[in-house]
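>>> Quick one: sequence plus predicted model below, questions after.
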Amino acid sequence: MKLALRRRTSTPLPGVTGVARVDRRTDQLLPRLRRGDIAVLDQVDLDRATADALVAAEVAGVVNASPCISGRYPTLGPEILVAAGIPVLDQAGTEVFGALKDGAKVRLDGEVLYAGEQAVAEGRPQTTESVAAQLLEAKAGLSAQLEAFAANTVEYMKQERTLLLDGVGVPEISTRL
């Protein structure tokens with residue numbers, strides 16, 4: 001008796017696949033990451049230290065519920081990830097935390113994150129060009145933040161002039177300093 005065996009010749013789906021490591025708190029997520037994982041986090045203005053840790057963990061992709069670059073100031077995290085060839089899905093929304101369980105097998109393809117065949121999150125994929133454009137805008141944002149800080153400091157100094165210059169209002173203390 002001869003048995004006919006069928007071979008599965010399915011073509012691999014596009015994008016990158018891996019195990020989802022999900023946590024809103026980046027400090028708790030980073031130690032759990034392994035090579036090939038897809039990190040799902042929620043960090044506005046992804047910083048350099050976090051990006052370096054993600055690169056060192058050799059993650060297959062990063063999904064950020066918040067914007068990696070908010071525009072308040074330039075941050076180097078997204079640039080580091082994209083330069084390392086790690087796909088980054090930005091502004092995926094906080095709904096991803098309810099739709100995805102830690103340890104689930106996921107696939108990141110362009111602007112969509114899939115769990116099985118179901119799309120669980122959509123966002124904006126980061127590229128070298130998009131990161132460069134956002135960093136340029138963020139430099140203008142930094143200037144606005146510095147101006148606001150300076151104006152706030154001047155206003156505080158005006159309000160507290162007698163305390164700062166004359167010491168009026170400083171309580172007497174019995175402890176010798």
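Sure thing, it's come through.
>>> Give me the buried positions along the longest helix anywhere in the chain.
Looking across the chain with DSSP state H, the single longest helix is helix 128-159. In terms of neighbour count (16 or more other C-beta atoms under 10 Å), helix 128-159 has its buried residues at 130-131, 134-135, 138, 141. Glycine gets a C-beta too; all of them are placed from N, C-alpha and C.
>>> wait, which of those residues is closest to residue 75?
Using C-beta to C-beta, residue 138 comes nearest to residue 75 of the buried residues of helix 128-159, at 7.2 Å.
>>> Check the gap between the nearest residue to that closest one once chain neighbours are set aside and residue 42 for me.
Once flanking residues are discounted, residue 138 sits nearest to residue 74: 4.2 Å by C-beta to C-beta, 6 or more residues apart in numbering. Per C-beta to C-beta, to the nearest Å, residue 74 is found 20 Å from residue 42.
>>> By mean pLDDT, which helix or strand of this protein comes out lowest?
helix 161-166 (a mean of 75; mean pLDDT, DSSP states H and E).
>>> What lies in contact with it?
157, 168-170 (C-beta atoms under 8 Å, 6 or more residues apart in numbering).
>>> go on, stretch 124-142?
Residues from elsewhere that reach stretch 124-142 (C-beta under 8 Å, 6+ apart): 68-75, 78-79, 81-83, 87-91, 110-111.
>>> Repeat the analysis, applying 7 Å as the threshold.
68-69, 71-74, 78-79, 82, 87-91, 110-111 (C-beta atoms under 7 Å, 6 or more residues apart in numbering).
>>> Which SSE is immediately downstream of the longest strand seen in the chain?
The residue-count maximum for a strand in the chain (DSSP state E) belongs to strand 16-22. Counting by DSSP states H and E, the element after strand 16-22 in chain order, helix or strand, is helix 26-29.
>>> Okay, buried residues for that next one please.
By neighbour count on 16+ other C-beta under 10 Å, the buried set for helix 26-29 is 26, 29.
>>> what's the average pLDDT for that helix?
Mean per-residue pLDDT for helix 26-29: 94.
>>> next one: stretch 77-87
pLDDT averaged over stretch 77-87 gives 96.
>>> distance between that stretch and the chain's centre?
With C-alpha atoms, centre = their mean, to the nearest Å as the basis, stretch 77-87 stands 11 Å off its chain's centre.
>>> what do you get for stretch 157-173?
42 Å.
>>> Contacts for the helix or strand harbouring residue 89 next, please.
Under the criterion of DSSP H and E, residue 89 resides in strand 88-90. Under the contact criterion C-beta under 7 Å, 6+ apart, strand 88-90 has outside partners 62-64, 67-68, 78, 81-82, 108, 111, 113, 123-126.
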